[in-house]
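Student: no sequence on this one, just coordinates:
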């Protein structure tokens with residue numbers, strides 16, 4: 001996301017923030033093995049960057065393949081800017097999600113992020129050339145980015161046609177291509193319905209979504225509204241969260257405290273995984289400035305956009321990166337099991353998510369108090385039981401017994417607990 005019209009964001013967000021966590025209403029969900037991704041990762045093409053991506057459990061990298069960078073002169077394509085990016089990602093074992101988008105100077109006539117109907121054939125030529133050149137190397141193609149907000153300056157109907165035609169051209173060029181569309185910012189219900197009526201949802205394998213909001217509770221409510229709209233139009237493809245994140249600098253109320261970032265990361269990830277999202281790509285991998293090195297006079301708008309990263313440009317990690325790594329270590333391949341843990345006298349403000357990973361795998365229980373204060377609860381589950389600090393990634397053994405009975409203090413900071421065994425976790429207050 002870019003801070004493209006901050007006044008609009010503030011108008012949307014300035015109302016009272018609802019931070020309570022809505023629980024998913026679906027049944028058990030298996031989290032894909034390749035659930036975790038990162039936006040704008042891999043651009044340095046260095047071993048240092050990829051070593052960190054590997055440590056954090058990142059499988060997917062997303063990059064926009066800007067039209068203006070590959071066709072600076074009409075009909076002359078230069079793919080070198082993205083060949084190195086893609087080849088390095090493949091060599092490092094990453095999957096690539098490429099966004100096809102935007103304008104090119106020789107055609108735009110000064111109007112940014114717009115392709116007129118009479119010039120659509122030029123855009124389709126760019127789409128065809130990109131897909132043909134990167135066939136077999138790019139794993140997923142996404143058509144455009146946030147057209148319902150500030151990344152499309154034409155009419156809605158013009159975008160519907162562009163999106164539909166681009167999807168058709170991708171499919172003609174590579175029948176086996178995996179295509180996602182939309183990349184919707186929040187939940188533009190009327191825009192989505194319009195795309196559906198125009199046939200622009202046909203031919204898509206999935207839909208991209210950016211559930212940005214002030215906090216994870218609000219983001220999950222936005223996600224649930226999005227699912228309701230998709231259900232209304234009978235779109236059954238998977239939802240790809242291709243951007244989600246929170247800035248640690250800049251404008252209030254968008255800015256969050258650094259100490260809150262690990263909690264926001266964990267709550268967003270487990271809430272999205274439990275709702276059946278196909279993938280989650282965190283926005284962003286890098287901040288724009290190192291810690292304490294924001295240039296004097298940088299506007300609050302730029303400071304906000306510059307601080308969505310989990311890592312500084314010098315590869316120093318924010319505490320939220322350890323929360324991401326923890327989730328990426330234990331959640332992929334597991335099954336969100338909504339009936340667990342068994343709860344006895346547990347108030348509704350104690351939120352719990354259980355991810356089971358088989359008899360011999362590591363099962364995970366993530367829980368927190370949605371209200372201020374501490375609540376003491378009893379937890380029974382097979383051992384050994386390990387607690388993981390979401391801010392540092394450090395672990396400690398809570399019990400080495402074959403069956404553990406523990407007393408836990410549950411606050412607003414999520415507890416991340418893992419264990420092995422097929423037994424049933426039981427949470428109670430007596």
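Tutor: On my side now, so go ahead. Note that the structure is a prediction, hence the values are computed from the model and not measured.

Student: could you use CA atoms for every contact and neighbour count after this?
Tutor: Fine.

Student: domains of the protein?
Tutor: Per the record, the chain has its domains at 19-333, 337-428, by automatic domain parsing.

Student: what's the first-to-last distance across the first one?
Tutor: The first and last residues of domain 19-333 sit 28 Å apart, counting by C-alpha to C-alpha, to the nearest Å.

Student: centre of the chain to that domain, how far?
Tutor: Relative to the centre of its chain, domain 19-333 is centred 7 Å away, using C-alpha atoms, centre = their mean, to the nearest Å.

Student: so for it, mean pLDDT?
Tutor: Across domain 19-333, pLDDT averages out at 95.

Student: now the strands for the stretch 201-350 of the chain?
Tutor: 206-210, 239-241, 279-282, 335-336, 342-344, 350-356 (DSSP state E, counting those that start in this stretch).

Student: tabulate those strands (a markdown table), appending mean neighbour count.
Tutor: Output for the strands of the stretch 201-350 of the chain, formatted as a markdown table (neighbours: other C-alpha atoms under 10 Å):
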| stretch | mean neighbour count |
| --- | --- |
| strand 206-210 | 24 |
| strand 239-241 | 23 |
| strand 279-282 | 26 |
| strand 335-336 | 24 |
| strand 342-344 | 14 |
| strand 350-356 | 22 |
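
Student: out of those, nearest to residue 31?
Tutor: strand 335-336 (6.0 Å; C-alpha to C-alpha).

Student: give the pairing partners of that closest one; include direction for each.
Tutor: Here strand 335-336 has these sheet partners by DSSP bridges: strand 29-30 (antiparallel), strand 350-356 (antiparallel).

Student: looking at the ones you listed, which is nearest to residue 237?
Tutor: Using C-alpha to C-alpha, the nearest of the strands paired with strand 335-336 to residue 237 is strand 29-30, at 15.0 Å.

Student: ok, back up a step: dump the strands paired with strand 335-336 to a markdown table, plus distance to residue 231.
Tutor: Converted to a markdown table, the strands paired with strand 335-336 look like this (distance: least, C-alpha to C-alpha, whole Å):
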| stretch | distance to residue 231 |
| --- | --- |
| strand 29-30 | 18 |
| strand 350-356 | 24 |
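
Student: who wins for proximity to residue 332 among these?
Tutor: strand 29-30 (8.3 Å).

Student: list the helices and strands the helix or strand just after the closest one packs on?
Tutor: Moving toward the C-terminus from strand 29-30, the next helix or strand (DSSP states H and E) is strand 36-39. If contacts are counted by 3 or more C-alpha pairs under 8 Å, 6 or more residues apart in numbering; DSSP states H and E, strand 36-39 sits against strand 60-66, strand 279-282.

Student: can you add distance to residue 168 and give those back as CSV?
Tutor: As requested, the helices and strands packed on strand 36-39 are exported to CSV (distance: least, C-alpha to C-alpha, whole Å):
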stretch, distance to residue 168
strand 60-66, 19
strand 279-282, 24
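
Student: and of those strands, who's closest to residue 100?
Tutor: For these, proximity to residue 100 was assessed by C-alpha to C-alpha; strand 60-66 is nearest, at 5.6 Å.

Student: name the residues that touch whatever helix or strand comes next after the closest one?
Tutor: Next along the chain after strand 60-66, taking DSSP H and E as the criterion, comes helix 67-70. The contact list for helix 67-70 (C-alpha atoms under 8 Å, 6 or more residues apart in numbering) reads 77, 78, 79, 81, 100, 101, 102, 103, 104, 105, 126.

Student: what do you get for stretch 418-430?
Tutor: Contact with stretch 418-430 is made by 340-346, 358-365, 376-388, as judged by C-alpha under 8 Å, 6+ apart.

Student: now do 7 Å
Tutor: Residues outside stretch 418-430 that contact it (C-alpha atoms under 7 Å, 6 or more residues apart in numbering) are 340-346, 358-365, 377-387.

Student: winner for burial among the domains of the chain?
Tutor: Comparing the domains of the chain by mean neighbour count (mean count of other C-alpha atoms under 10 Å), domain 19-333 ranks first with a mean of 19.

Student: so of the contacts of helix 67-70, which ones are in strands?
Tutor: 100, 101 (DSSP state E).

Student: helices - which of the contacts of helix 67-70 land there?
Tutor: In helices, defined here by DSSP state H, the members of the contacts of helix 67-70 are 81, 105, 126.

Student: circling back: turn the strands of the stretch 201-350 of the chain into CSV, columns for distance to residue 315.
Tutor: Formatted as CSV, the strands of the stretch 201-350 of the chain follow (distance: least, C-alpha to C-alpha, whole Å):
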stretch, distance to residue 315
strand 206-210, 26
strand 239-241, 25
strand 279-282, 16
strand 335-336, 32
strand 342-344, 41
strand 350-356, 31
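
Student: closest to residue 165 out of these?
Tutor: If you check each of these against residue 165 by C-alpha to C-alpha, strand 206-210 wins as the nearest, at 16.1 Å.

Student: give me the contacts around whichever strand or helix holds residue 142.
Tutor: Assessed by DSSP H and E, residue 142 sits inside strand 140-143. Applying C-alpha under 7 Å, 6+ apart, the contact partners of strand 140-143 are 96-101, 163, 177-182.

Student: most widely separated two among these?
Tutor: Spatially, the most separated pair among these is 96 and 163, at 20.5 Å (C-alpha to C-alpha).

Student: how near is residue 127 to residue 317?
Tutor: 36 Å.

Student: what does residue 51 give?
Tutor: Using C-alpha to C-alpha, residue 51 is found at 13 Å from residue 317.
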